[in-house]
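[1] kindly generate the corresponding structure for this input.
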Amino acid sequence: MGTFPDNPDSPVVLTDATINEAVAKYPFLVIDCWAEWCGPCKMMGPVLDKLAKDHQGDIVFAKLDVDSNNQTAAQFGIRSIPDLLVFKNGEKVGDIIGAMPEQMLLDKINAYR
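    Presented below is the predicted three-dimensional model:
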C-alpha cells in the first residue's frame, strides 16, 4: 500500500523517510524545499497550491520542511530556500531557486520536461 495518492491536487508532504518513495512513484515531481521561518517560502505556498490543482495528473508538487528533514537538505546540497527540486522519471533534473510569479515558475518547470 503506497503512502501517496495517484493524482494529488495539492502538494504532498514529504519527509526524509518518504522522499525516495515519492521520487520513484511520480514521473514528474517538483519538491518545494522550505522552512517555517522563510518569508519567500510562505509566498510560494499559494502559488504551488494553485499549480498543483491546475496541473493535477500532469505535474505532482510536494513540500519538504528542510528544518525537520536535514538529511534530504544535505543530500541535495540545499543552501538557500525556497529551492524547488525537479525530478523526472526518478532522476533529479534541476533546481529552481527563489520565489517567483506563477507563470515564470511554470515556464522554468516545463523547461525540464
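[2] what's the spacing between residue 67 and residue 52?
    Here the criterion is CB to CB, to the nearest Å. By it, residue 67 lies 22 Å from residue 52. From N, CA and C alone the C-beta is placed, and that goes for glycine too.
[3] looking at these two, which is more packed in?
    Between residue 67 and residue 52, counted using other CB atoms under 10 Å, residue 52 has the larger neighbour count: 21 against 12.
[4] mind listing what that one touches?
    8-11, 59-61 (CB atoms under 8 Å, 6 or more residues apart in numbering).
[5] helices or strands next to the helix or strand harbouring residue 108 in the packing?
    Element membership for residue 108, per DSSP states H and E: helix 102-110. If you count contacts as 3 or more CB pairs under 8 Å, 6 or more residues apart in numbering; DSSP states H and E, helix 102-110 packs onto helix 39-54, strand 83-88, strand 91-97.
[6] check what pLDDT residue 3 gets.
    As predicted, residue 3 sits at a pLDDT of 81.
[7] surely it touches residue 21?
    Yes: the pair residue 3 and residue 21 passes the contact test of CB atoms under 8 Å, sitting 5.9 Å apart.
[8] centroid residue for the protein?
    Note on the chain: the residue nearest the mean C-alpha position is residue 31, at 1.4 Å, using CA atoms, centre = their mean.
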